[in-house]
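In: Got a predicted structure plus its sequence, pasted below:
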Amino acid sequence: MEAEMLGKLIDQVSGAIRDNADDLTKLDQAIGDGDHGLNMKRGFDAVTEAREEIIGLAPAAALQKIGMTLVMKVGGASGPLYGSLFLGMSKVMTEPPRTAGAAADLLGAGIDAVMSRGKSTTGEKTMLDVLVPVRQALAEASGLETKDALEKLRAVARDSAEATIPMQATKGRASFLGERSIGHMDPGARSSALMVTAVCDALEGEGAR
Amino acid sequence: MSGNVGIVIVSHSKLVADGTADMVREMVGDEVAVAACGGNPDGGLGTDVAAIQAAIDSVYSPAGVAVLVDLGGAETNSEMAVEFLDEDRRARIAVLNAPIVEGAVMAATEAAGGGSLDEVRATAEELSP
């Protein structure tokens, strides 16, 4: 059951990245170096290749394997950043979270790792501008029905990615553009929103609380 | 090779990394161990954590290793590579905040004179505003 769920998560997230790789690349061409879609696709293709091995692992080891695969295969800055997200979560993972609060704590550990790796925080037009509000929404979701909670998380992810459009980038390659980074969605925020949405889609109907 | 600080050059482009290493070798000959790596795991523009790790290992000595990087991902991937090294080596690696070509040449010159890792870092980082 656990392995089945993990496999479903991997398929859904990898599929979302694959289906939107061109879109991510276009966003990155506007304010970065235009390789985000290709890099993320390379990373998640490698995760998909290791799928059978990963779903056979204990939860912490599975997250670690996903993190290391992204670190080793992505080839751009998003490799260590997304890799750190999963490695950070693997360090606190004992058993799969059964409540929204436990999921918020898990995601929080990943976010801390991303912040320390990227020496970054919110408001700098990065993936953190999606992940942090999603974590907050998770922490506040405990009273909601599963379906409503998932709907809420998808909306927060989408709205938070859109909220990076008027921001000026102060971290990463986009910061070289200064004010010209305003008016474009951050590609990392977009890929984070895609991943959050994919996780929600996978959990839909799984009886997660 | 000597007990001098080694130099690793990490660029998104293999051509830039190799070219920079050529310039360094012309300056300091074989008094300083130099390794270059560039390109993502598929050989396109980008950087590769495993290749950076191998490059650091190839020039490692107890004097330490100075790593010169170009843009964003090269820095994050280099920091990641350092974290994957054995613990006793980790403290002897410095990812420098300096322009890649000029920084590499200055760092190697300092290293060739027997400078410590801190001295190599200071010399190269003087180039950054």
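Out: Received it, and whenever you're ready, just let me know what you need.
In: Contact residues of chain B facing chain A?
Out: B:40-42, B:44-50, B:71-73, B:75-77, B:79-80 (CB under 8 Å from any CB of the partner chain). C-betas here are computed from N, CA, C, even on glycine.
In: buried sites along the biggest helix by length in chain B?
Out: Assignment by DSSP state H gives helix B:14-28 as the longest helix of chain B. Burial within helix B:14-28, assessed by neighbour count using 16 or more other CB atoms under 10 Å in any protein chain shown, is assigned to B:14, B:16, B:17, B:19, B:20, B:21, B:23, B:24, B:25, B:27, B:28.
In: what residues are up against the fourth one?
Out: Residues in contact with residue B:19 (CB atoms under 8 Å, 6 or more residues apart in numbering or on different chains): none are found.
In: Could I get the pLDDT score of it?
Out: What the model reports as pLDDT for residue B:19 is 97.
In: same check, this time on the second one
Out: The per-residue pLDDT reported for residue B:16 equals 97.
In: and it, what is it in contact with?
Out: B:38, B:70, B:100.
In: Kindly supply the PyMOL command isolating those of those that are buried.
Out: With 16+ other CB under 10 Å as the criterion, this PyMOL line picks the buried residues out of these:
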select buried, chain B and resi 38+70+100
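In: and residue 58, how many neighbours does it have?
Out: Looking at chain A here, since you left the chain open. 13 (other CB atoms under 10 Å in any protein chain shown).
In: Oops, wrong one, chain B.
Out: For residue B:58, the count of nearby residues is 14 (other CB under 10 Å).
In: That one - nearest residue in space that isn't next to it in sequence?
Out: Leaving aside its sequence neighbours, residue B:58 sits nearest to residue B:35 (CB to CB, 6 or more residues apart in numbering or on different chains; 4.9 Å).
In: Then residue A:53?
Out: Nearest to residue A:53 is residue A:65, by CB to CB, 6+ apart, at 7.0 Å.
In: Pretty sure that neighbour sits against residue A:54.
Out: Yes. Because the distance of 5.2 Å satisfies CB atoms under 8 Å, residue A:65 is recorded as touching residue A:54.
In: higher neighbour count, the two?
Out: Legend: neighbour count by other CB under 10 Å for residue A:65 and residue A:54, higher for residue A:54 (22 against 17).
In: Distance check, the more buried one against residue A:3.
Out: Counting by CB to CB, to the nearest Å, the gap from residue A:54 to residue A:3 is 9 Å.
In: again, but for residue A:25
Out: Using CB to CB, we find residue A:25 at a distance of 32 Å from residue A:3.
In: The two: who's more crowded?
Out: For residue A:25 versus residue A:3, neighbours defined as other CB under 10 Å are more numerous around residue A:25 (19 against 13).
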